[in-house]
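Participant: Here is the input, now give the coordinates:
(one chain, ligands or ions: 1)
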Amino acid sequence: MKKYKHLLFDLDHTLWDYDRNAFESLSDLYHQFDLKSLGIPSADDFFSTFKRENGALWKLHNVNLIDKAGIRANRFPNIFKAYEIDVRAVPCDLEQAFNQLTPAKQHLLPGAVEILDYLKSSYALHIITNGFEDTQYTKLTASGISNYFDVVVTSESSGFTKPDRRIFDFTLKQLKAKPTECLMIGDNADTDILGAINAAIDQVWFNPHHGVTQTKPTYMINMLKDLKDIL
Ligand SMILES: [Mg+2]
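Facilitator: Here you go, the predicted structure:
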């Protein structure tokens with residue numbers, strides 16, 4: 001007998017290829033705003049620094065130490081500080097341009113559409129994301145996968161951020177489902193996996209970069225297609 005009814009997918013870095021999409025838009029912006037002339041050596045370097053500084057702010061967001069506005073107000077100034085460039089040189093419309101350009105990018109992780117096609121007839125598929133309403137819906141639509149999902153819960157719509165179990169409780173209530181009927185699939189051990197454990201929901205840790213964690217996920221996969229071995 002099939003164990004799960006509802007599959008709860010994370011979006012960024014699990015289905016939607018955040019790094020590839022962000023790299024494309026940051027490269028465009030690097031040239032558009034002539035960031036070389038301000039002292040940022042290359043688009044690749046700009047992307048690496050973005051990943052580090054943006055990632056640090058998202059870690060603070062995931063433990064409720066900074067909100068959406070805080071991320072958006074600080075990430076490019078923090079990047080400039082990292083290069084020891086005066087933050088007053090940050091182009092005033094850089095953040096807005098990034099937020100317009102990036103969510104409209106279409107790249108998904110390898111095998112994403114194939115696995116959603118495989119799963120859709122046997123399971124109800126949903127999204128639980130710590131992203132924001134405006135950007136996450138744009139990503140789902142632009143990448144052509146919005147129709148696979150019945151319910152989309154964001155940290156903004158629920159008021160809670162993974163790993164807080166209340167974002168999962170909020171979702172279960174919408175689905176009228178028990179924790180044992182659900183399976184969480186996500187790339188972040190500290191948010192997706194720990195959060196689902198907090199909510200007594202089984203989890204699949206999608207771990208394409210072969211990371212390590214103290215958290216003990218129910219299952220671990222390195223490629224999305226490996227979900228076929230579980231589901
Ligand atoms: Mg993720």
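Participant: residues in contact with the lowest-mean-pLDDT helix or strand in the chain?
Facilitator: When each helix and strand of the chain is scored by mean pLDDT, DSSP states H and E, helix 155-158 comes last, with a mean of 92. For helix 155-158, the external contacting residues (Cβ atoms under 8 Å, 6 or more residues apart in numbering) are K68, T129, N130, G131, F132, E133, T161, K162, R166, I167, F170, T171. In this view, the C-beta of every residue, glycine as well, is placed from N, C-alpha and C.
Participant: ok, now with 6 Å
Facilitator: If you take Cβ atoms under 6 Å, 6 or more residues apart in numbering as the criterion, helix 155-158 is touched by N130, F132, E133, T161, I167, F170.
Participant: same thing with stretch 10-21?
Facilitator: Contacts with stretch 10-21, where a contact means Cβ under 6 Å, 6+ apart, come from 9, 102, 105, 107-109, 112, 127, 129, 139, 143, 186-187, 192, 206.
Participant: one step back: could you check whether the least confident helix or strand of the chain is close to the ion?
Facilitator: No. Against the ion, helix 155-158 shows no contacts by Cβ under 5 Å from the ion, the least distance being 11.9 Å.
Participant: do stretch 97-111 as well
Facilitator: No. With Cβ under 5 Å from the ion as the criterion, the ion is not reached by stretch 97-111; the gap is at least 10.2 Å.
Participant: quick one: average pLDDT of that stretch?
Facilitator: For stretch 97-111, mean pLDDT is 97.
Participant: buried residues in that stretch?
Facilitator: For stretch 97-111, the neighbour count (16 or more other Cβ atoms under 10 Å) marks F98, N99, L101, T102, P103, K105, H107, L108, L109, G111 as buried.
Participant: mean confidence score for stretch 66-80?
Facilitator: Averaged over stretch 66-80, pLDDT sits at 95.
Participant: Name the residues of the protein found near the ion, please.
Facilitator: D10, D12, H13, T14, D187, N188.
Participant: Which strands or helices does the longest helix along the chain pack on?
Facilitator: Secondary structure of the chain read by DSSP state H shows that its longest helix is helix 43-62. Here helix 43-62 touches helix 18-32, helix 68-82, going by 3 or more Cβ pairs under 6 Å, 6 or more residues apart in numbering; DSSP states H and E.
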